[in-house]
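# what's the 3D shape of this:
(2 chains)
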Protein chains: 2
Amino acid sequence: MSKENKTVAILGNGVVGVALGKGFSELGYRVVFGTRDVNGEKTKEALKAVSGASAASYADAAKVGDIAVLALPWSGLLQALEHVGADNLAGKLVIDATNPLDFSTGVPKLAIGHTDSAGEQVQRLLPKSRVVKAFNIITASHMVHPQLPDGVPDMIIAGNDAAAKVEVSALLKAFGWRAAIDLGDITASRLLEPLAMVWISYGFSNNHWAHAFSLLNQKAN
Amino acid sequence: MSKENKTVAILGNGVVGVALGKGFSELGYRVVFGTRDVNGEKTKEALKAVSGASAASYADAAKVGDIAVLALPWSGLLQALEHVGADNLAGKLVIDATNPLDFSTGVPKLAIGHTDSAGEQVQRLLPKSRVVKAFNIITASHMVHPQLPDGVPDMIIAGNDAAAKVEVSALLKAFGWRAAIDLGDITASRLLEPLAMVWISYGFSNNHWAHAFSLLNQKAN
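Sure thing, here's the model as predicted:
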């Protein structure tokens, strides 16, 4: 399928947003960063890093996006979604790459879990959108072309809309992931966000951020 | 190091207990199953399956064990630990292979999480033992010699006692795991038990139970 005429709204212009922006741009998407500060230094850097990208307010980016990516810290995510306006993402695929991390004690921990998750909160705030949790268990620099010395990792996703998950799976394959593993509806974010913490804890313990998960011996399709 | 004179008390004689019992037996440990029903059919089958194994009450098995393995369902775990008697495991390495699974709705889900875990409950009930969470993210048949067609998986462990984790890491290597990854103190069970649910959810969705996790591109030691 051609992506030539598709626009992706990337909400957030930090390292995650830029890494995914590059990946989408390579695939032929138009990239629009949604940001609080269209003329800020960070936005300028993001635009320089991603070929052909533009920047707009959260709401304007969401409006023009055929799909959207949430690449925001937990501390700003829910407020940003208010600025986005749920109707501007109605019917659209929304890829949630966030984790509900609380940094108040120095080492990050999950702010919520077990009975709720960031993925579910996002879906509740965007009830007409097709939210897919993805990219939350990997570092920005390996979100696209994640080849590693000992193998190609797998991404695990969750969401309520089957077609949206098919679309994200195709995207993950195009980005170079070995497999996209569907863990079920958006409540599986309660598992994927702790999985991100496994990844983060290993990173903190070893001061090493280039690792990734693989699920060995998957079922043959 | 020779295991000739070491005894492992395996509390529970289901598929997990038998699988680990075989592994310990191969390494030269004496295996004693702790069980509610020393003369029951299930115990007889376990003794038939594991060379040189014997069976005893939970308390007697715990007394003679140099180390202990918890291989019990959540529904029976805490009560079994009362029968064990914490003092019978004082000072000993206790490997916790359990998950707090609630089967009341048909599909298993975690009974506790985020602010507590089975690993922590076990450590609280056995305050003088050195509890290490391990083997909870894999099926019984791959706990020992877990070679898979596309690689050798990694086991992730957690516990408060560094020496106990070194001991479990050596055991995991002897059992054939690629690496034993130390995720931190026993509170990391809050991450390892959801990780088991990732494994279980994939199993239910695909009716496939032979998968296992690998952490690619680990830090070089």
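# So is the lengthiest helix in chain A next to chain B?
Ordering each helix of chain A by length in residues (DSSP state H) puts helix A:189-206 first. Yes. Judged by C-beta under 8 Å from any C-beta of the partner chain, helix A:189-206 comes into contact with chain B at A:190-192, A:194-195, A:197-198, A:201-202, A:205-206. For the C-beta atoms, the positions are set from N, CA and C on the backbone; glycine is no exception.
# Tell me how many other residues surround the nearest residue to residue A:99 once chain neighbours are set aside.
Once flanking residues are discounted, residue A:99 sits nearest to residue A:196: 4.6 Å by C-beta to C-beta, 6 or more residues apart in numbering or on different chains. Residues lying near residue A:196 (other C-beta atoms under 10 Å in any protein chain shown) number 24.
# For residue A:196, give its distance to residue A:103.
Plainly put, residue A:196 is 14 Å away from residue A:103 if you go by C-beta to C-beta, to the nearest Å.
# Verify the stated contact: residue A:78 with residue A:125.
Yes. Contact criterion C-beta atoms under 8 Å: residue A:78 and residue A:125 qualify, at 6.8 Å.
# In chain A, what residue spans correspond to strands?
Applying DSSP state E to chain A gives strands spanning A:7-11, A:30-34, A:54-56, A:67-70, A:93-96, A:101-102, A:109-110, A:130-133, A:155-159, A:180-182, A:212-216.
# and the angle for the first one with strand A:30-34?
With axes from the mean of the first three to the mean of the last three C-alpha atoms, to 10 degrees defining the directions, strand A:7-11 sits at 30 degrees from strand A:30-34.
# Buried residues in strand A:7-11, which are they?
With burial defined by 16 or more other C-beta atoms under 10 Å in any protein chain shown, the residues of strand A:7-11 counted as buried are A:7-11.
# Determine which two of those residues are furthest apart.
A:7 and A:11 (13.0 Å; C-beta to C-beta).
# List the residue ranges of chain A that fall below the pLDDT cut-off.
For chain A, residues meeting the criterion pLDDT under 70 lie at A:1-4, A:221.
# Write out the residues of it neighbouring chain B.
Selection of chain A residues close to chain B by C-beta under 8 Å from any C-beta yields A:110, A:112-115, A:148-151, A:153, A:156, A:181-184, A:188, A:190-192, A:194-195, A:197-198, A:201-202, A:205-208, A:210-219.
# give me that answer again for 7 Å
Within chain A, the positions lying close to chain B (C-beta under 7 Å from any C-beta of the partner chain) are A:110, A:113-114, A:148-151, A:153, A:156, A:181, A:183-184, A:188, A:191, A:194-195, A:197-198, A:201-202, A:205-206, A:208, A:210-219.
# If any of these are buried, give me the PyMOL selection for them.
In PyMOL, selecting the buried portion of the residues of chain A next to chain B, with burial taken from 16+ other C-beta under 10 Å, looks like this:
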select buried, chain A and resi 110+113+114+151+153+156+181+183+184+188+191+194+195+197+198+201+202+210+211+212+213+214+215+216+217+218
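# mind putting the strands of chain A in CSV, distance to residue A:121 included?
Converted to CSV, the strands of chain A look like this (distance: least, C-beta to C-beta, whole Å):
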stretch, distance to residue A:121
strand A:7-11, 15
strand A:30-34, 18
strand A:54-56, 24
strand A:67-70, 11
strand A:93-96, 9
strand A:101-102, 14
strand A:109-110, 13
strand A:130-133, 10
strand A:155-159, 14
strand A:180-182, 21
strand A:212-216, 24
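# what residues are up against the most centrally placed residue in chain A?
In chain A, the centroid-proximal residue (C-alpha atoms, centre = their mean) is residue A:97; its distance is 2.5 Å. Taking C-beta atoms under 7 Å, 6 or more residues apart in numbering or on different chains as the contact definition, residue A:97 lies against A:16, A:69-71, A:134-136.
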